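*Asks:* Following is a predicted model, sequence given first.
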Amino acid sequence: MLRDTDELLAPAVEEMLAALQSDQVDAAAVRLAQRYARDIDDARLVAASLEPVLREILALDPKIHDRLLSLAVRIERTTVLASLGPKLLAALEQLGATPAARSKTGAGGGDRAGKGQLQALREARR
């Protein structure tokens, strides 16, 4: 199933991780974040596991099948996002890839890949 890349989380996470200056110690956390993002994006495909049941329903009543299919996909996507979204955010925070993580380290939230511009200016002035 083709989807607009603007809807996908994995490419945005990949772009952000590429901008980070992480070392090999972070490799597991990077892979975990990538996996969470892909799994969130693939949530629609997980609903395909209902396909055999939905095929039986299709034979009985096509209208009910269509209603159940769209509902199942929506429920699955919401469930996966609710389950993995916080885990992805936690992994990104551990990598210093969120504004909250950068503010804790004094890097600020302005520059996504490291220190904020204001912090860099302050350090250069010292």
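*Replies:* Sure thing, it's come through.

*Asks:* Go through the longest helix along the chain and flag the buried ones.
*Replies:* Ranked by residue count and defined by DSSP state H, the top helix of the chain is helix 62-94. Residues 65, 68-69, 72-73, 76-77, 80, 84, 88-89, 91-93 are the ones in helix 62-94 that count as buried (16 or more other Cβ atoms under 10 Å). Placement of C-beta: from N, CA and C, glycine included.

*Asks:* Of all pairs in those residues, which one spans the longest distance?
*Replies:* Based on Cβ to Cβ, the longest span within the buried residues of helix 62-94 runs between His65 and Glu93 and measures 41.7 Å.

*Asks:* quick revisit: the longest helix of the chain: what's the following helix or strand?
*Replies:* Counting by DSSP states H and E, the next helix or strand C-terminal to helix 62-94 is helix 99-104.

*Asks:* elements contacting that following helix?
*Replies:* helix 62-94 (3 or more Cβ pairs under 8 Å, 6 or more residues apart in numbering; DSSP states H and E).

*Asks:* so what does the helix it packs on touch, helix or strand wise?
*Replies:* On the basis of 3+ Cβ pairs under 8 Å, 6+ apart, helix 62-94 makes packing contacts with helix 10-19, helix 27-41, helix 43-46, helix 51-60, helix 99-104.

*Asks:* Out of those, flag the one nearest Arg125.
*Replies:* Across those, Arg125 has its closest neighbour in helix 99-104 (20.0 Å, Cβ to Cβ).

*Asks:* Just the CA trace of the closest one, in CSV.
*Replies:* Output of helix 99-104 as CSV, limited to C-alpha atoms (Å, rounded to 0.1, in the frame of the first residue of the first chain):
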residue,chain,number,x,y,z
PRO,A,99,14.1,19.5,23.0
ALA,A,100,13.6,18.3,26.5
ALA,A,101,16.8,16.2,26.4
ARG,A,102,18.8,19.1,25.0
SER,A,103,17.5,21.5,27.6
LYS,A,104,18.6,19.1,30.4
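
*Asks:* Mind checking the pLDDT average for it?
*Replies:* Helix 99-104 comes out with an average pLDDT of 82.
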